[in-house]
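K.L.:
Just to be clear, the model below is a prediction. Sequence and coordinates:
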Amino acid sequence: MSLKQRLFEHCQHYVQQRLETVGQALDAARQAANEEGKSSVGDKYETGRAMMQLEQEKLAAQLAEAQQLQTVLDRIPLEKASPSIAEGSLAITNQGNYFIAISAGKVELDGKLYYLVSLASPIGGSLSGHSAGATVPFRGGQVSILEVT
């Protein structure tokens, strides 16, 4: 399995975990709202219901965000190599190693650190469209792109 495939699998695992965690929390919140019985104090009941509704809305937004991340991953062409940095590219720079997919933190593979970033991230946006050998400005400094796969 190639390095890019392994990094891609980390991104998939990240999204899958988010989908499962948020889905379970949303199910629990819905179940709690359904089990909430009318208390003798009407205002307290209504406040509790409103808070549960807000929590469900927040979780639904997080679920939609995780589903959007999955959509981004689904459209990444790992097999297609591009000479310039785009989604699915692995950019080796003098400042770090970046896999351009989704913002999913960092991972260590084979003793090297890789940052999983999206094109919308500051570094992803700076690197986007550039090829190996280019130097791009980033946060007051310069990032040299050594290799793009």
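P.N.:
Arrived safely. Residues are numbered from 1 along each chain as shown.

K.L.:
make it CA atoms for all contacts and neighbour counts henceforth
P.N.:
Will do.

K.L.:
Are we agreed that Gly129 is in a strand?
P.N.:
No. Using DSSP: H, G, I helix; E, B strand; the rest coil, the assignment for Gly129 is coil, not a strand.

K.L.:
thought it was touching Glu87?
P.N.:
No. If you go by C-alpha atoms under 8 Å, Gly129 and Glu87 don't touch, sitting 10.0 Å apart.

K.L.:
Next SSE downstream of the lowest-mean-pLDDT helix or strand in the chain?
P.N.:
Least confident helix or strand of the chain, by mean pLDDT, DSSP states H and E, is helix 42-74 with a mean of 86. Counting by DSSP states H and E, the element after helix 42-74 in chain order, helix or strand, is strand 90-93.

K.L.:
can you count the residues close to Gln31?
P.N.:
For Gln31, the neighbour count with other C-alpha atoms under 10 Å is 11.

K.L.:
Give me the helices and strands touching the strand or helix carrying it, please.
P.N.:
Assigned by DSSP H and E, Gln31 falls within helix 3-35. The helices and strands touching helix 3-35, judged by 3 or more C-alpha pairs under 8 Å, 6 or more residues apart in numbering; DSSP states H and E, are helix 42-74.

K.L.:
Could you give the separation of the helix holding Gln31 from the chain centroid?
P.N.:
12 Å (C-alpha atoms, centre = their mean, to the nearest Å).

K.L.:
any idea of the angle that helix forms with helix 42-74?
P.N.:
Using axes from the mean of the first three to the mean of the last three C-alpha atoms, to 10 degrees, the direction of helix 3-35 lies 160 degrees away from that of helix 42-74.

K.L.:
in helix 3-35, what counts as buried?
P.N.:
Using 16 or more other C-alpha atoms under 10 Å as the test for burial, helix 3-35 gives 4, 7-8, 10-12, 14-15, 18-19, 22-23, 25-26, 29-30, 33.

K.L.:
Neighbour count: Gly129 and Glu87, which is higher?
P.N.:
Glu87 (23 against 13).

K.L.:
For that one, give its distance to Gly125.
P.N.:
11 Å (C-alpha to C-alpha, to the nearest Å).

K.L.:
shared neighbours, those two?
P.N.:
Here Glu87 and Gly125 have Leu119 as joint contacts, going by C-alpha atoms under 8 Å, 6 or more residues apart in numbering.
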